[in-house]
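**Q** coordinates for the following, if possible.
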Amino acid sequence: MGKITAIKENRDFRRLYNRGRSYADPVLVTYVMKNRRGINRVGITTGKKVGKAVLRNRARRVIREAYYDLSDNLKNGYDIVFIARTKTPFVKSYDVTRAMKRELKEAGVLK
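**A** Down below sits the predicted model:
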C-alpha cells in the first residue's frame with residue numbers, strides 16, 4: 001500500500017469538473033482526466049449531504065481503501081476525483097471497490 005499523491009488545490013478540482021469525463025454510480029461519482037505528470041493524482045470529496053463528520057470521514061476511508069485495492073492495476077498519468085454520494089458511508093467497502101473498478105474500467109484507466 002503506497003502513498004497517494006493528493007489533489008489539494010481548488011483550481012485542480014475545478015479543472016477536472018469542467019474538462020474531465022464523469023462516470024456515475026449510486027455509490028460513487030468519478031471524474032477522470034489525463035495529466036502530463038506521469039503519475040496518478042487522487043482527490044476525494046464528500047459534501048455535507050453525505051452526513052455529519054463521522055459519516056463523511058467513513059466515506060473517505062472507504063473510498064481510499066477501495067483505491068488502494070485497485071491502485072496497482074491503474075495506468076499512470078491521470079488525475080482522478082472521487083465524489084461520495086449519500087449511500088457511500090452505509091455500504092461495505094467491496095461495494096465501493098466494485099463501483100470504482102467499473103467506472104475506472106469504463107474510463108480506460110484500468111489496465
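
**Q** looking at it, Glu65 is touching Lys92, isn't it?
**A** No - taking C-beta atoms under 8 Å as the definition, Glu65 is not a contact partner of Lys92, at 10.7 Å. For the C-beta atoms, the positions are set from N, CA and C on the backbone; glycine is no exception.

**Q** looking at those two, which one has more neighbours?
**A** Glu65 (14 against 9; other C-beta atoms under 10 Å).

**Q** pretty sure the more buried one is in a helix, no?
**A** Yes - counting by DSSP: H, G, I helix; E, B strand; the rest coil, one finds Glu65 located in a helix.

**Q** ok, now which ones touch it?
**A** By C-beta atoms under 8 Å, 6 or more residues apart in numbering, the contact set of Glu65 is 93, 96-97.

**Q** including neighbour count, could those residues go into TSV?
**A** Putting the contacts of Glu65 into TSV (neighbours: other C-beta atoms under 10 Å) gives the following:
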residue	neighbour count
Ser93	14
Val96	26
Thr97	19
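
**Q** right, I'll call it a day here.
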